[in-house]
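>>> Sequence below, structure please.
(one chain, ligands or ions: 1)
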Amino acid sequence: MFFELLKTVVDQYTKELPFVVYRKPKETSVKAILQEDSDIRYVKDFTESGFVFAPFDSQEPSVLMQSDTNMSEDYFPQFKTTFELGNSVQVNQSRKALHINLIEKGITHIKQGEFKKVVLSRKVETECVTSPIDLFQKLLDTYRNAFCYLWYHPKIGTWLGATPEILLKTENQEFTTMSLAGTKKYVADKSPEWGNKEFEEQQLVTDYISNVLQNSVSNLNIGERESIRAGNLWHLRTKLTGRIEKGNLASIVKALHPTPAVCGLPMESAKDFILGNENYNREYYTGFLGELNIKSEKDRTSNSRNQENKAYRSIKNTTTLFVNLRCMQLKGTNAQIYVGGGVTQDSEPEKEWRETVAKSKTMLQVFAID
Ligand SMILES: C=C(O[C@H]1C=CC=C(C(=O)O)[C@@H]1O)C(=O)O
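Residues are numbered from 1 along each chain as shown. The predicted model follows:
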């Protein structure tokens, strides 16, 4: 039962042992991976199987949790009354000024030709007395279309999130990725009205992804651009699909992380600007996380003329990685929520600030529900 799964996770947390509990978008199955010791294991070459937790800075290693104990239970989300948070959250004026300054500096560097786009972010700190497990359950109830998770390692920390962005999904050789960028607030019964700034910042991501993949994948297909809802926000999204060569996963992940949806363009100069100017360490925010090389059996029926109809089994290998957005880190009773947004030459600093406020509500919302 789901309750048993949560109880096992609580016991693991009390014993200060590593675990991750998560649910994929639109699924009911909640999975938990529990590690028996508190060692930190790292991904070496992406041929391993387990759950990856990778930082923004790809020079730093990706943590791998492997399944000493695997659990999976169905959970049917409950409808919760959510409250419109409005502008009830107090604005810290000095933090606002710091972020606006950072955005202005980013725009200046763009105008000087150093880069075309940079994603700039900040931390929102707030008190939180709700237990991580309760917060996780609220994420499951509130964000059914998101990848919801609670991840813990005693030597690293406690992270929670509900992300709308797939970094890479593979089933054997078939893959899907997406370009997700551009943000508008969700208003009931209204379609989002996109401007050139959003179209441009999202197109940069689509072009970048198709460029970096072009020579290493086959059958690359770029889908139609669409508007998708993520909680109280709208985004622009384009799906890209194709085929990758066997054994090529590590190089595809390396090519995709970080995309200009979380870093910028050109990647290196935008990343240098972020590391040198954001004034805090993103750690795992805008990194990626999820299942790596999970093997399962797949039943197939052969309809070949010369054979009888017979079922046979084949092994399916899947990887499902998400970008770590709309997330927070818990440190005792302190919650640190991470939010950012894409800055281009057309950005208006005040609007960019408001966008980060709107994004912070994805996490703040779960503190506000019963
Ligand atoms: C960097 C974040 O969002 C990215 C994903 C979607 C839309 C974005 C934007 O409109 O700027 C960002 O690229 C974040 O949520 O912290």
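>>> what ranges do the strands span in the stretch 201-350 of the chain?
With DSSP state E, counting those that start in this stretch as the criterion, the stretch 201-350 of the chain has strands at 217-222, 226-230, 233-244, 264-265, 288-302, 310-323, 327-331, 334-343.
>>> what is the orientation angle of the longest one with strand 310-323?
Here strand 288-302 points in a direction 170 degrees away from that of strand 310-323 (axes from the mean of the first three to the mean of the last three C-alpha atoms, to 10 degrees).
>>> And strand 288-302, what's buried?
Residues of strand 288-302 classed as buried: 288-292, 294 (neighbour count, 16 or more other C-beta atoms under 10 Å). Heads up, the C-betas are built off the backbone N, CA and C, glycines and all.
>>> now, among those, which is nearest to the ligand?
Phe288 (12.7 Å; C-beta to the nearest ligand atom).
>>> which residues touch the closest one?
52, 54, 167, 253, 257, 321-324 (C-beta atoms under 8 Å, 6 or more residues apart in numbering).
>>> how about the residues of the stretch 251-370 of the chain near the ligand?
With C-beta under 6 Å from any ligand atom as the criterion, the stretch 251-370 of the chain comes near the ligand at residues 261-262, 325-326, 339-342, 359.
>>> Where does pLDDT dip in the chain?
Segments of the chain classed as low confidence (criterion: pLDDT under 70) are 79-89, 299-312, 369-370.
>>> Which single residue in the stretch 1-150 of the chain comes nearest to the ligand?
Val119 (5.2 Å).
>>> Around that residue, count how many other residues there are.
25 (other C-beta atoms under 10 Å).
>>> and if you look at His109?
18.
>>> other SSEs contacting the helix or strand where it lies?
Taking DSSP states H and E as the definition, His109 sits inside helix 93-111. Contacts defined by 3 or more C-beta pairs under 8 Å, 6 or more residues apart in numbering; DSSP states H and E place helix 93-111 against strand 117-127, helix 267-277, strand 334-343, helix 349-367.
>>> The third one pairs with which strands, and in what direction?
Taking DSSP bridges as the criterion, strand 334-343 forms sheet pairs with strand 117-127 (antiparallel), strand 327-331 (antiparallel).
>>> Please give me every residue in contact with the closest residue to Lys331 other than its chain neighbours.
Excluding the flanking residues, the one nearest Lys331 by C-beta to C-beta, 6 or more residues apart in numbering is Gly157, at 7.1 Å. Neighbouring residues of Gly157 by C-beta under 8 Å, 6+ apart: 283, 329-331.
>>> Between which two of the residues of the stretch 251-370 of the chain next to the ligand is the distance greatest?
Of all pairs drawn from these, the widest gap by C-beta to C-beta lies between Arg326 and Gly342 and measures 15.1 Å.
>>> quick one: contacts for the closest residue to the ligand within the stretch 101-250 of the chain?
Closest contact between the stretch 101-250 of the chain and the ligand, by C-beta to the nearest ligand atom, is at Thr183 (3.5 Å). For Thr183, the contact set (C-beta under 8 Å, 6+ apart) comprises 198, 233-235, 341, 355, 358-359.
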